[in-house]
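In: below: sequence and its predicted model.
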Amino acid sequence: MGLTRQEEEKELILIEDFKKGYVYFFSGFLNLVSSFQNYVTSGNISEANKRDLIVIRKSLDQELNKLQKRSKDIIINLDEKNLVPLARKEFSRFFHGIALDSSRLDFLQFQLIYEILKQYYVESFNGWSLIKRTVETAEFNEMDFKMNQLFGFRINPAFERLNMLEALLKRMGFILRVEKFQDLFDEKPVKPKFREEVDYRLSSVFAEDFYAGYYEVTNFNFVPTQPFSSTDNNSDAKPIVQIDTAKYTSNLPKDEGKVAPEVKGTLKTPPTQKLNSNQIDASGKFTWNSNHHYLFQYDLAKYNQERDYFKSTINMDLHMGADEQLLRSEFIRSMSSLDKKLKDPAETEKAYLDFLTLFFEFCQNIVMLHIGIPANLKWVFFFHIGPSHFYMIAKKFLTEANTGFLHIRAPDGKRVVRLIPIEVVKKHVIDYWNKSLLPNVGEEKNNLALLRKLIEIVEAKYKEASDNAMVYYHALPPEKKENKSIDLVFREHMSEWMGAANIIVYKRFVKNPIEV
């Protein structure tokens, strides 16, 4: 019983993205939604197509906003900091009278993740299906616009990602002994039984010969069917794990969707020197948005040295929170395979740069979520963060996630060096600014009132984080504060209490007054 070898290989390809972690996968959904929202409001659409879109714009906007919120919610809900306390809370109820142990905790966490993913799948499938039907039934004078721009580049890719999630749910359901494929999409939570011999971790779903070598499940229908469709099509159901996301946006001004009138300052003096190829001047036209925060450069000589690393790279850490044990075993396999053919250095470098682009977008989404920046202010917000501080944020996320490292074979062939190519990352920040950020920010970058509104948002979040940090300080055991000043204790715990990347944002906006 099970799938053929060819069918299982196709399924493994479908779930490949999950090796890089849940955040990586759902950031892809966020990017799809943001791209769709930006496109239908951009100047790249002909007047005729804009007129045709007017009829369905309200319906599209409503559903895209729900899809965006749903993707942000699941990124929070799948954070281990939220899952582990929930699993611990469920332990005594599920395992009455049994001492807490890691394997049973993994089981409860695995089940929680399964239920969260299942609800996301059902609600998102319904949402994208509504968008699909809306566009299908709408009349467009230009069929190429409808079939290529809307379906080909935006709607179809969303269903492709849902197919990936469906394949993952199928495998997770198999481990949890969900007996029928249709039950994967039932509203009711599954009631699995814990089994000692099962490894309840994400890495388990990537096993080869999964159905033949795994645990027998009876009556499992491997033929895909339409998922459960809720009778309540407003798709406003709350996430299974209740996280109060309102606190992320409670300090926003009520006119967050409006752009305040422009307030001019002193015009900057035109530059007298031409920029070198390794520099960027991403400043505006006034002195207050033309200082060092908007300038950035990389070391050209070191950059060329680091590009040579790709010639001797034997492995790369290009994940966003994947199962550590899985990554370790993959690396050991790559090291032990002496006949393994390395990719062309150009392909290796391209794969690394593609990863950096996705990782930069991931960093942006997380920072906006934590600080409470509205989606419509994304590009102007990061414009004012500037390339220098954005590089610091990206580097902090890379080191904290333990990713972005190259494994390079040393010249003696006996050692492997693991490092992040810093100048390559800096160069890619500049490329990202030129290709993605600057084309998406217009005259709003010269709007002083808008900058002040952004600073108000950040200051409010900073005050909230500072108050929370003081609570954490008072909750510390006395021995951890003994013979230490409060400043020293805060320096030791600040990254943990306030978030290292958030601190970079606070320093940029709160600690640097505007000079008009």
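Out: Good, I have the coordinates.

In: any regions of the stretch 401-516 of the chain where pLDDT drops low?
Out: Applying pLDDT under 70 to the stretch 401-516 of the chain flags residues 469, 472-473, 481, 483-484, 486-487, 489-497, 511-516.

In: the host helix or strand of Asn304 packs against which elements?
Out: Asn304 is part of helix 300-307 when elements are defined by DSSP states H and E. Counting contacts by 3 or more CB pairs under 8 Å, 6 or more residues apart in numbering; DSSP states H and E, helix 300-307 is packed against helix 422-432. Yep, even glycine has a C-beta here, placed from its N, CA and C like the rest.

In: what is the least confident helix or strand in the protein?
Out: helix 324-336 (a mean of 40; mean pLDDT, DSSP states H and E).

In: same for the following helix or strand past it, what does it pack against?
Out: Where DSSP H and E defines the elements, the next helix or strand beyond helix 324-336 is helix 345-371. For helix 345-371, the packing partners by 3+ CB pairs under 8 Å, 6+ apart come out as helix 22-40, helix 47-77, strand 313-316, helix 378-400, helix 422-432, helix 448-475, helix 500-509.

In: what's the closest of the ones you listed to Ser277?
Out: Relative to Ser277, the nearest member of these by CB to CB is helix 422-432, separated by 9.6 Å.

In: residues in contact with that closest one?
Out: By CB atoms under 8 Å, 6 or more residues apart in numbering, the residues outside helix 422-432 that reach it are 278-280, 296-299, 302-303, 305-307, 352-353, 356-357, 360, 387, 390-391, 394-395, 398, 404.

In: drop anything exposed from these.
Out: Buried residues within these, counting neighbours by 16 or more other CB atoms under 10 Å: 278, 280, 296-298, 303, 306-307, 352, 356, 360, 387, 390-391, 394-395, 398, 404.

In: what's the helix or strand for Asp199?
Out: Counting by DSSP H and E, Asp199 is part of no helix or strand.

In: show me what contacts it?
Out: So Asp199 contacts Asp106 (CB under 8 Å, 6+ apart).

In: please tell me how far Asn126 sits from Glu63.
Out: 9 Å (CB to CB, to the nearest Å).

In: can you count the residues close to Asn276?
Out: Neighbours of Asn276 under the rule other CB atoms under 10 Å: 9.

In: ok but Arg418 is inside a helix, no?
Out: No. Assessed by DSSP: H, G, I helix; E, B strand; the rest coil, Arg418 does not belong to a helix; its assignment is strand.

In: which one is it nearest to, not counting chain neighbours?
Out: Phe405 (5.0 Å; CB to CB, 6 or more residues apart in numbering).

In: wait, the one you found sits on Val416?
Out: No. The pair Phe405 / Val416 is not scored as a contact, 10.8 Å apart, by CB atoms under 8 Å.

In: look at Glu139 and give its secondary structure.
Out: coil.

In: who's in contact with it?
Out: Contacts for Glu139 (CB under 8 Å, 6+ apart) come out as Asp52, Val55.

In: now it. Its backbone dihedrals?
Out: The phi and psi values for Glu139, taken as degrees, to the nearest 10, are phi -100, psi 130.

In: what's the answer for Leu176, then?
Out: phi -80, psi 0.

In: over to the closest residue to it other than its chain neighbours. Which of the three states is it?
Out: Nearest non-adjacent residue to Leu176, counting by CB to CB, 6+ apart: Pro192, 4.1 Å away. Secondary structure for Pro192, judged by three-state DSSP, is coil.

In: what of Glu197?
Out: Assigned by three-state DSSP, the conformation of Glu197 is coil.

In: could you check how far it is from Pro374?
Out: 49 Å.

In: pLDDT below threshold where in the stretch 51-200 of the chain?
Out: Short version for the stretch 51-200 of the chain, where the test is pLDDT under 70: 179-190.

In: tell me where it has helices.
Out: For the stretch 51-200 of the chain, applying DSSP state H, counting those that start in this stretch gives helices covering 80-94, 102-137, 143-144, 156-175.

In: buried set for the second one?
Out: Translated: helix 102-137. Under 16+ other CB under 10 Å, the buried positions of helix 102-137 are 104-114, 116-132, 134-135.

In: list the helices and strands that helix packs on?
Out: Using 3+ CB pairs under 8 Å, 6+ apart, helix 102-137 is in contact with helix 47-77, helix 80-94, helix 156-175.

In: winner for burial among those helices?
Out: The highest mean neighbour count among those, using mean count of other CB atoms under 10 Å, belongs to helix 156-175: a mean of 19.

In: other SSEs contacting that helix?
Out: With contacts defined as 3+ CB pairs under 8 Å, 6+ apart, the packing partners of helix 156-175 are helix 5-14, helix 22-40, helix 102-137, helix 210-213.
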